[in-house]
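> Next comes the sequence, and after it the predicted model I'd like to discuss.
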Amino acid sequence: QVQLVESGGGLVQAGGSLRLSCAASRRTFNSYAMGWFRQAPGKEREFVAAISWSGSRTFYADSVKGRFTISRDNTKNTVYLQMNSLKPEDTAVYYCAAEPAPAGVIYTTTMKYGNWGQGTQVTVSS
């Protein structure tokens with residue numbers, strides 16, 4: 001079990017940038033695959049980005065590819081989501097998720113993750 005705490009959300013104008021952080025409590029963080037998901041009002045939680053435990057593999061939803069970048073610093077037990085060129089449709093609560101995984105493995109569905117943060121609100125105004 002690992003506890004996750006997101007931060008960095010806020011209100012930004014369209015075209016702006018935000019960087020989300022997700023701090024993990026567990027020392028074995030470097031054996032966990034990590035993911036970012038988001039949920040807008042009235043919609044299901046959707047995949048945004050994922051990264052393997054070593055950081056060697058990443059994967060993005062088509063809707064954010066080229067605008068968002070996921071990264072991690074295993075020395076700080078933290079995963080990041082750099083969001084550039086934000087659009088109003090990016091408005092949502094953003095959640096990070098963690099799951100132990102073999103080397104090079106990433107997960108892109110909510111059912112694969114057993115550990116979730118409480119979420120951080122991102123609002124993009126037009």
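Yep, that arrived.
> Quick check: phi and psi at the spatially most central residue of the chain.
For the chain, the residue nearest the mean C-alpha position is Trp36 (2.3 Å; Cα atoms, centre = their mean). When read as degrees, to the nearest 10, the backbone of Trp36 gives phi -120, psi 140.
> what pairs with it across the strands?
When bridges are called by DSSP bridges, Trp36 pairs up with Ala49, Cys96.
> neighbours around the closest residue to Ala92 other than its chain neighbours, how many?
In space, and not counting its chain neighbours, Ala92 is closest to Arg38: 3.8 Å by Cβ to Cβ, 6 or more residues apart in numbering. (Each C-beta comes from the backbone N, C-alpha and C, glycine too.) By other Cβ atoms under 10 Å, 23 other residues sit near Arg38.
> Arg38: what's it in contact with?
For Arg38, the contact set (Cβ atoms under 8 Å, 6 or more residues apart in numbering) comprises 45-46, 48, 90, 92-95, 122.
> 6 Å - rerun?
By Cβ atoms under 6 Å, 6 or more residues apart in numbering, the contact list for Arg38 reads 48, 92, 94.
> any idea which of those residues is the one closest to Leu18?
Tyr94 (9.2 Å; Cβ to Cβ).
> Pull the helix or strand in which the closest one is found out as PDB, backbone CA atoms only.
Element membership for Tyr94 (DSSP states H and E) is strand 92-100. Taking Å, rounded to 0.1, in the frame of the first residue of the first chain, the C-alpha atoms of strand 92-100 are listed here in PDB:
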ATOM      1  CA  ALA A  92     -11.100  18.200 -14.400                       C
ATOM      2  CA  VAL A  93     -10.000  16.700 -11.100                       C
ATOM      3  CA  TYR A  94      -6.700  15.100 -11.700                       C
ATOM      4  CA  TYR A  95      -5.700  11.900  -9.800                       C
ATOM      5  CA  CYS A  96      -2.400  10.100  -9.600                       C
ATOM      6  CA  ALA A  97      -2.400   6.300  -9.200                       C
ATOM      7  CA  ALA A  98       0.300   3.700  -8.400                       C
ATOM      8  CA  GLU A  99       0.700   0.000  -8.800                       C
ATOM      9  CA  PRO A 100       3.600  -2.400  -8.300                       C
END
